[in-house]
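# Here is my input; please provide its structure:
(one chain, ligands or ions: 1)
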Amino acid sequence: MSEDKAGWSVETLHPWYRQALRIDRMLYDSKTAHQRIRIFENARFGRVMTLDGVVQVTEGDEFVYHEMMAHVPILAHGAAREVLVIGGGDGGMAREVLRHASVARCTMVEIDRGVVDLCREHMPGISQGVFDDPRLDLVIADGAEFVARTDRRFDVIIVDSTDPIGPGEVLFTETFYGRAKRCLAPGGILVTQNGVPFLQPEELRNTMRAFRALFRDATCYLAHVPTYAGGPMALGWGTDGEARRTDPATLSARFAAAGLKTRYYTPELHHAAFALPVYVRDLTV
Ligand code: SAM
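Next comes the predicted model:
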């Protein structure tokens, strides 16, 4: 819940830590059937969306998160054609996924049609037209239910969810992870938004416990997203394949072949992102 000081969006994801962003112009503030959506302008971060008071995406720093969650698994995999994005209502993840010409289809399962519609209207700079890409298959549904019943198989599954509150809570359960694994094609990779370990250690610890039971390779990698405050953000990584061992030269060749122009991702950073500080590594073992 956010408790607004006049003109500020105060995020209270944690009882003992707050982050506030000045609201220079409120563009939208209302509830959908699932959550409270606010979209406002801030002088440094551009347009910002919060869901239930928690920062989800800002025009200023979204490139960090979307590049690292999309390009790390896709370039490590090397031949990803079917990609599933769970959540990602702002369209930024699907945008980065479909920059890979090698991806035949991006299935995006978002629970809240309101997020998609409002981000298309008020934050078009995030999706950049991806909702009109014929390779995008947008499904409005609960991602947990989708993986329980689909017979599709995916080379990469990206869980671009909210935090484990509200509709996102189900996406942090062992049942969900097991069902998501069932939907992976051989050599497939599951990556998950896993919060900021310094502030949310139990979230990462719980996910890693479930991943270790499910995958031969279970770890996380890091990205530094300014508005996900409190230190580096952890992105969960689970696979039975060898993709994490892809050597830097191969990553560089794939990156060049993909013709990607990035503002955060580099093949060297991809490799280094899996080098964990002790306090984070201890949450993964
Ligand atoms: N970058 C953000 C982060 O790291 O927290 C995530 C952004 S994205 C907007 C999160 C999306 O997850 C929202 O659009 C929300 O509606 C969606 N979502 C939450 N629970 C979901 C569920 N059970 N199934 C599908 N989508 C869900």
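
# Which parts of the stretch 101-250 of the chain are helices?
Counting by DSSP state H, counting those that start in this stretch, the stretch 101-250 of the chain has helices at residues 113-122, 124-127, 143-149, 174-182, 201-214, 248-258.

# what angle separates the lengthiest strand in the chain from helix 201-214?
When every strand of the chain is counted residue by residue (DSSP state E), the longest turns out to be strand 184-193. The directions of strand 184-193 and helix 201-214 differ by 170 degrees, with axes from the mean of the first three to the mean of the last three CA atoms, to 10 degrees as the criterion.

# so does strand 184-193 get close to the ligand?
Yes. Looking at strand 184-193 against the ligand by CB under 6 Å from any ligand atom, the contacts come from Q193. Backbone N, C-alpha and C define where each C-beta goes, glycine included.

# helices or strands next to that strand in the packing?
The contact analysis (3 or more CB pairs under 8 Å, 6 or more residues apart in numbering; DSSP states H and E) places strand 184-193 against helix 62-77, strand 154-160, helix 174-182, strand 233-239.

# give the contact list for the residue lying closest to V115 once chain neighbours are set aside.
Leaving aside its chain neighbours, V115 sits nearest to G89 (3.2 Å; criterion: CB to CB, 6 or more residues apart in numbering). With contact set as CB atoms under 8 Å, 6 or more residues apart in numbering, G89 has these partners: E110, D112, V115, V116, C119.

# Run through the residues that contact the fourth one.
Taking CB under 8 Å, 6+ apart, we find V116 in contact with G89, G91, E110, F131, L138, I140.

# How about the last one: what's its closest non-neighbour residue?
The shortest distance from I140 to any non-neighbouring residue, by CB to CB, 6+ apart, is to R113 (4.8 Å).

# Tell me how many other residues surround that neighbour.
Residue neighbour count, defined by other CB atoms under 10 Å, stands at 14 for R113.

# tell me the SS of the residue nearest to V115?
coil (DSSP: H, G, I helix; E, B strand; the rest coil).
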